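Novice: Curious how this folds, go ahead:
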Amino acid sequence: MFRLRIEDHFDASHSIPGHAGKCRNLHGHTYKVEVFVTGQTTDSNGILENSDFIELKSGLRSCLSEFDHNHLNNILGNNATAENVSKILFHKLEDKGIKNLERVRVWESQNQYAEYWKDNEGK
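Specialist: As a prediction, the model looks like this:
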C-alpha cells in the first residue's frame, strides 16, 4: 500500500458565535491543509495510479482559493470550524475527480488539527 501526502496553506478569519471561549470573537488563522491519498498500484513510471503530485497540488490549490483571505462564516455560516472545513475540502476534492482520497487534515495552529475521512460520514 502507498500513501501520498501534499500540503498547502491559506489565511482566513472566522468566529464561532456559540463558543463559550475566545473563539466566539472574530479571529484568524494561517491554516495548513494536508491531503492524503492511498492506493496499491503504480503506473509504468512508478507513480501511484490516478494520484500524480502535480494534479493533487493543482486540485487542492483550486479548492483553497475560495477560502484564502476570506471570512469563513461567509462560506460556512456559524459552523466555520476546522472540522467543517476539512469535510468540505474532502468533498470538493472528490468533486474535482481526485482519486484514492483517504483524508483531509486541517491545522488551525501548530498544535491542533481536525481531519475528515469518508468512513465517518453519517456517524
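
Novice: From here on, just use CA atoms for contacts and neighbour counts.
Specialist: Fine.

Novice: right, and the helix or strand after the lengthiest helix in the chain?
Specialist: Longest helix in the chain, counting residues (DSSP state H): helix 82-95. With elements assigned by DSSP states H and E, the helix or strand that comes after helix 82-95 is strand 101-109.

Novice: in the helix or strand just after that following strand, what's buried?
Specialist: Tracing the chain past strand 101-109, the next element assigned as helix or strand by DSSP H and E is strand 112-116. Of the residues in strand 112-116, 113, 114, 115, 116 count as buried by neighbour count, 16 or more other CA atoms under 10 Å.

Novice: And the residue in the chain sticking out farthest from the centre, which helix or strand is it part of?
Specialist: For the chain, the largest distance from the centre (CA atoms, centre = their mean) belongs to residue 44, which lies 29.5 Å off. Using DSSP H and E, residue 44 sits in no helix or strand.

Novice: now swap in residue 60 and tell me
Specialist: helix 53-64.

Novice: quick one on the thing from earlier: got the contact list for the longest helix of the chain?
Specialist: 59-60, 63-64, 76, 101, 103-108, 113-117 (CA atoms under 8 Å, 6 or more residues apart in numbering).
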